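[1] Pasting the sequence and the predicted coordinates here, then a few questions.
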Amino acid sequence: MPKRTDLNKIVIIGSGPIVIGQAAEFDYAGSQACLSLKEEGYDTVLINSNPATIMTDDEIADKVYLEPLTLESVTAILKKEKPDAILPTLGGQTGLNLAVELAKKGILADLGIELLGTNLHTINQAEDREAFKDLMNDLNQPIPPSKTVYDLQSGLDFAHEIGYPVIIRPAYTLGGTGGGFAHNDDEMQTVLSRGLTMSPETECLVEKSIAGYKEIEFEVMRDHNGSSIIVAGMENFDPVGIHTGDSIVFTPTQTLTDKEYQRLRDASLTIVNALKIEGGCNVQLAQDPYSEHYYVIEVNPRVSRSSALASKATGYPIAKIAAKIAVGLNLDEIINPITQTTYALFEPALDYVVAKIPRFAFDKFYHADRKLGTQMKATGEVMAIGSNIEEALLKAVQSLELDTQMQTTLLPEGAKKQSLNDLLETIKTPTDIRLFEIFAAICKGATIDQLHDSTKIDKFFLAKLMNIIAMQKELMTSMLTAETILKAQKLGFDDDMIKAVATITDEELAKLHSMTNQHLVYKMVDTCAAEFESFTPYFYSTVGNENESKPLGNSVIVLGAGPIRIGQGVEFDYTTVHSVKALQAAGYNAIIINNNPETVSTDFSISDKLYFEPLTIDSVMNIVNLEKPIGVIVQFGGQTAINLTQQLTDRGVKILGTNMAGIEQTENRHDFEELLINQGIEHPAGDTATDIPGAHEIASKLGYPVLVRPSFVLGGKGMAIVHDQNELNAYLVPALKHSHGEPILIDKYIKGTECEVDILSDGKQVFIPGIMEHLEGAGVHSGDSIAMYPPQTLTASQKSAIIQIATKIGKSVHCIGMMNIQFIVADQVYVIEVNPRASRTVPFMSKITHLHLAQLATQLIIGKSLTEIGLHSGMHPEPDSVYVKAPVFSFAKLPGAPTALSPEMKSTGEDLGHGHTLAEALHKAFFDSYHFDSNKTGPVLVTPTDAKNTDLMAALDAGGYPHQVYKMGQKWPKCLAFVLATEDESRLAKQLTTRALSHEVTLFTAVDTVASLVKNVQITRAKQAG
Amino acid sequence: MKKYLTLENGEQFIGTAVGDLTKEIKGELVFTTSMVGYQETLTDPSYTNQIITFTYPLIGNYGISLHANQSPTIAASAVVMQEIATTVFHYQSVMTLDEFLKKSGVPGIAGIDTRKLTKIIRKHGTMKASLTNQPLANSSFNQAKAVEMVVKSATFAHALDEHPNHVVLVDFGVKANIVKSLKNFGANVTVVTPEANFEAIAALNPDGVLISNGPGDPEDYADFLPVIRELQDHYPLFGICLGHQLLALANGARTYKMVFGHRGINHPVKNLLTGEVVITSQNHGYAVDIDSVSETPLEVTAIEINDQTCEGLRYPGKPVFSVQYHPEAAPGPHEATRLFSKFVGLMNTNGGVQHA
């Protein structure tokens, strides 16, 4: 069927702020879908409250609503826009749930709006547990039998009926806390009793355990005609039991015979056909490793994280094609954008191996429960492409940006001291570092059978891990020859990994590399294993002697930001993509190096060439040496790219934009201080220490409280306010251990209002898009505080002081491009931090000012002056209305993680609220950030510590939020408005926050947020009453 | 131990010897893009005298099982791979691929940049190549007919009284799964060699006749074309792969050698009668000239989407049809297995055709 002509305007629902489990992959999917529909000539309207995305750019859709993703807000927009149809399958679970609500409430029917992509019945069949069970029964597709039970006996009876082992999942507990496996009646009694006690509703799900099965995923496309294809089959390294988002995943499948593969493929197609999916669909299956038996685990009738991975792994753009199917096109009518000569109706054939490794935030949340299970905990992921399992896996490891020592030696610090038996015990529990613990166990002599017994990981994969360690041993003990080095390289060892274990100098290594006729070359990702000639500018490195990547010439390399983690989120993908657009507009060939499969920047159609590679110095230099670019841009890839600047400079690579000297001036503590003193700029007094006595001396000289942090920080990692000597000690011991000789910074803590600006400069003049004022006072990380623009409490003279200081700093470090400067406004204006790069707030400010800041900065970087790009020195005029950026936390996904707002960043995403007043803007922003409707009142629970804040308590009581002080183990009240817990250390606070999260009650963890909320709610209500 | 792969155009690849270490062979170099099913592929008789290159780099991951062979042993003459699995853990595996190659006396070469090789084949077309233990100084690739008749076995019947229908299968190098699929859809199968004439087949009193897949140039089987012309007037007839090409030739269409053929399990085929597209398993180096069909009583029923080649034929008015792809899969997707059911269905309705 050709595309539908009865449709004109289509609304696309985005997935909202980034949280664990719903991240940048939906920016990628949404952007692709919008562009795909625009390409077909439809009028597109996008609704998404997340400003930090490409999809909310004015160039992506014809109209963008940065509005809350609530029923009321979306309904209002639909009434205004009167679209013909709505496409919800690209906005993750949020988009799907909203569509279901809109349909069920009759709003779509009333407004005559058609649901595109997948119909309501299908969504219900896939999402509703019972409906799904019925469907699978009808299709003769096996699913693990399960039953909800409310008492021990029913659980035992059911276990007898289906046979042990079973898994017990308590309902409504955080991250499934209190659940577990039972292999017999004794264990069942223990685990089920515990589960029933821990569940607030005394409810547990008892399910046949299929832990240890192979977990296989298929990404399926189906069109209106019913033609369906498998884009990719993926095999999890970790067996069933760990959320696929938290699993290491390989594609294509590795250990399935043709019979097994086709059986699962048949099952997937049967289900997708029965559901009548029109678009993309994800099917998860479990294959018994010892029989022909399999189970269907789950079906997601929409694009997903896995579909983003499959798109990047194969080159097949699932979301783009899914959008075209939604408007009636069939797969055999859509050209395969990779080959440009074949059609979208075919199954990609790979001639390489893809590995995905999840990236976790436990380097920040070291107290959180690192155990992996069915609840996803990863914030992001990396992908790598290689010619074999080992190479793909090690390249992915190099992309993770974990602890350097562990990343290069493959061995976690702690594991080295453990005995083999201890390690075999440790790896029974899957955690974020289990891969490395398995490596450690292999080093200690573990056999493949022992490893398999402990982990249930398929021996095929374990054998590959053993190959890697055997290679490491060879590098350590044997005479290093060119052949040995080549062999290591073929298994994915980069120079850092070789040098970490072998005694060899850089020169010797280079010499050995030059002695072979095989080197790192680049091969194309073409969806068809070279069967057809392709023109995709999408490459990966492997060892060989035929290089397929021809240097582009007249090129600029833009370094991406790698995996998404707390502190370095999708914002940096946004800036990377914009930089590329500006380069292209200026006539350059823009090349991206990045390794994050979830994002827009790794869509091969964005840049002139994409290298899907680790962001290590070796990897980047190899590409630089091939492409010989005019220069490299490091400003848009977050700290990942900035951290490579020194090494690139040392190797003679031209850094475009602020140079290394300028970066050093802002990042090196002493240079920075010197700069500020020379320029007469106030800053909190402070010093650096490399040992405990030194730190104490500085702290007592400055006077407590002091702010302590490591140098070269990312997202305030390791930052804290300490109030006395004991707290300082508690901070220093671990901090010094992790600082690897880098000094610890100690500053006087100044209480005041935090502000920040992003500046654009050509080195001579400085332009300031605007000042953002933080609602929460100094001491809360800027990424976790609500940012208000324009500032709400600053005086004209304070603003002008900020502009003057920002201008001085920009000029004196000879900033070319962008910088971010943070201030504390107290008795005077103090500078606390300068980031010599694009910051988290760039997309937020870009969307408000309608200035594409990263594009403008890129123009400056390639030599334009501020005047030439139409900007001027000084500040952009402020708007009449108010915008706020509010943080979004994923605490519910990370049991045990600290919740109180502090200098250490904790949020995973952000949303935008806009209104005529601050009250209105906050009201809107609270919906998708704190999931709070500030029009609703009700009782609040507070910790005893917070209850001592009598002013706040009085304000709460008066504002319609009567407060109750929480008591250990008390009955959980109904209809709570929210919970306030600004400390997370006490047992009581931990219990309170955990219960709030498991009951899905809004949790506020900073006094200023709540104080402002109460104040503004009163304003709104007064206005409404008036 | 090193092994040398020398192409007709003089290019040489050096790799590691696997499988039968001493044997040297010459053959036609082809590639397959399927990522699973190497055992089914290697034992598919259509690959006789061919050197198979696997584009997927890891081959042998799950070993060799007892039930995947498509013929008693490896049909291909050699195998070219990037990496061959040395240890295998799959529960059904009885030996490694390397052991299977050794046992079957088939040489192989590993450590080859198969992507580079594939691109050469794509560009220059399928070509002759030799696999030797020493570098080949002066390679001579004489053009002697490589294809011999594959099937030497006598006529044999499979469990005759199980099913209501009886299919005589003319075996040019049949894959085991074709026989199995026929049985699954309710037919007894008697296998005959291509030497069988019409009378011999008719004497078996079939309800339908299947012309199987097989290796080589369809024009080499001219002797069998008159048999097809008679068969198609008397029985429901189903041609698969080579069988499809022979049906075309028998009715006056032409075949030609493709540049590099279709070998893989991801080929989209559109049914021109229904508009439906299915993903199919394919292995052929020759194709029916789609333009030549218009001069015959046959009708094109299916095409490959990407290169528009002929994938299906039927004889209007007769229960006679053929497909270029492999509905029996093994390896590959199962969407087309319903063709066997269609074939058996034609026998049940008797297609309006009189038995001889």
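    Cool, the structure landed.

[2] alpha carbons only for contacts and neighbour counts from here, please
    Fine.

[3] which parts of the lowest-mean-pLDDT helix or strand in chain A are buried?
    Here the helix or strand of chain A ranked lowest by mean pLDDT, DSSP states H and E is helix A:725-738, holding a mean of 83. Judged by neighbour count (16 or more other C-alpha atoms under 10 Å in any protein chain shown), helix A:725-738 contains these buried residues: A:728, A:729, A:731, A:732, A:735, A:736.

[4] Closest one of those residues to residue A:936?
    Residue A:936 has its nearest neighbour among these in residue A:731, at 40.6 Å by C-alpha to C-alpha.

[5] so what's the closest one up against?
    residue A:720 (C-alpha atoms under 8 Å, 6 or more residues apart in numbering or on different chains).

[6] Please determine how far it is located from residue A:743.
    Residue A:731 sits at a distance of 14 Å from residue A:743 (criterion: C-alpha to C-alpha, to the nearest Å).

[7] Hmm, residue B:248 and residue B:229 touching each other?
    No - using C-alpha atoms under 8 Å as the test, residue B:229 is too far from residue B:248 to be in contact (10.3 Å).

[8] Looking at those two now, which is surrounded by more residues?
    Just comparing residue B:229 and residue B:248: by other C-alpha atoms under 10 Å in any protein chain shown the higher neighbour count belongs to residue B:248, 32 against 15.

[9] domain parsing for the chain?
    Looking at chain A here, since you left the chain open. A:9-116, A:127-132+A:211-350, A:145-208, A:407-516, A:522-656, A:664-885, A:890-906+A:914-1025 (automatic domain parsing).

[10] right idea, wrong chain: chain B
    With domains defined by automatic domain parsing, chain B comprises B:2-132, B:156-351.

[11] and the end-to-end length of the first one?
    End-to-end distance for domain B:2-132, by C-alpha to C-alpha: 9 Å.

[12] quick one: that domain near chain A?
    Yes - contact of domain B:2-132 with chain A (C-alpha under 8 Å from any C-alpha of the partner chain) involves B:33-37, B:55-58, B:61-62, B:83, B:88-91, B:113, B:115-116, B:118-119, B:122.

[13] Just the ones of these in strands?
    Of the residues of domain B:2-132 next to chain A, the ones assigned to strands by DSSP state E are B:58, B:83.

[14] which among the residues of domain B:2-132 next to chain A end up buried?
    B:33-37, B:55-58, B:61-62, B:83, B:88-90, B:113, B:115-116, B:118-119, B:122.

[15] returning to what we had before: and the next element down the chain from the least confident helix or strand of chain A?
    strand A:744-748 (DSSP states H and E).

[16] That following strand: how far from the chain's middle?
    30 Å (C-alpha atoms, centre = their mean, to the nearest Å).

[17] Parallel or antiparallel, which strands does that strand pair with?
    Here strand A:744-748 has these sheet partners by DSSP bridges: strand A:686-689 (antiparallel), strand A:706-710 (antiparallel).

[18] Check the ones you listed for me and report the most buried one.
    Most buried of those, by mean neighbour count (mean count of other C-alpha atoms under 10 Å in any protein chain shown): strand A:706-710, with a mean of 24.

[19] close enough to count as contact, residue A:842 and residue A:853?
    Yes - the criterion here is C-alpha under 8 Å, and residue A:842 meets it with residue A:853 at 6.7 Å.

[20] thinking again about what came up before, taking the buried ones among the residues of domain B:2-132 next to chain A one by one, which sit in helices?
    B:115, B:116, B:118, B:119, B:122 (DSSP state H).

[21] Format those residues as JSON lines; extra columns: pLDDT.
    Listed next are those as JSON lines, based on pLDDT from 0 to 100:
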{"residue": "B:115", "pLDDT": "97"}
{"residue": "B:116", "pLDDT": "97"}
{"residue": "B:118", "pLDDT": "97"}
{"residue": "B:119", "pLDDT": "97"}
{"residue": "B:122", "pLDDT": "95"}
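
[22] Could you export those as TSV, including distance to residue A:78?
    Listed next are those as TSV, based on distance: C-alpha to C-alpha, whole Å:
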residue	distance to residue A:78
B:115	51
B:116	54
B:118	53
B:119	52
B:122	52
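
[23] which residue sits closest to residue A:62, ignoring its sequence neighbours?
    Spatial nearest neighbour of residue A:62, excluding adjacent residues (C-alpha to C-alpha, 6 or more residues apart in numbering or on different chains): residue A:44 at 5.2 Å.

[24] Name the secondary structure element that contains that neighbour.
    Going by DSSP H and E, residue A:44 is part of strand A:43-47.

[25] Can you name every helix or strand that that strand contacts?
    strand A:9-13, helix A:25-39, strand A:63-65 (3 or more C-alpha pairs under 8 Å, 6 or more residues apart in numbering or on different chains; DSSP states H and E).

[26] Give me every residue in the stretch 201-350 of chain B that's in contact range of chain A.
    Counting by C-alpha under 8 Å from any C-alpha, the stretch 201-350 of chain B sits next to chain A at B:266-268, B:276-279, B:305-307, B:330-334.

[27] Drop anything exposed from those residues.
    By 16+ other C-alpha under 10 Å, these give B:266-268, B:277-279, B:305-306, B:330-334 as buried.

[28] Next, the residue nearest to residue B:61 when sequence neighbours are not counted: phi, psi?
    By the measure of C-alpha to C-alpha, 6+ apart, the closest residue to residue B:61 outside its immediate chain neighbours is residue B:85, 5.4 Å from it. The phi and psi values for residue B:85, taken as degrees, to the nearest 10, are phi -70, psi 130.

[29] Run a quick neighbour tally on residue B:85.
    That count, for residue B:85 with other C-alpha under 10 Å as the rule, works out to 15.

[30] doesn't residue B:64 make contact with it?
    No - contact status for residue B:85 versus residue B:64: not in contact, 11.1 Å apart, counting by C-alpha under 8 Å.

[31] What strands line up against whatever helix or strand residue B:300 lives in, and which way round?
    Element membership for residue B:300, per DSSP H and E: strand B:299-304. Strand B:299-304 sits in its sheet next to strand B:255-271 (antiparallel), strand B:310-315 (antiparallel), going by DSSP bridges.

[32] any idea how far the first one is from the chain center?
    If I follow you right, that is strand B:255-271. The chain centre lies 11 Å from the centre of strand B:255-271; the measure is C-alpha atoms, centre = their mean.

[33] list the buried ones in that strand?
    Result for strand B:255-271 [16+ other C-alpha under 10 Å]: buried residues B:255, B:257, B:260-271.
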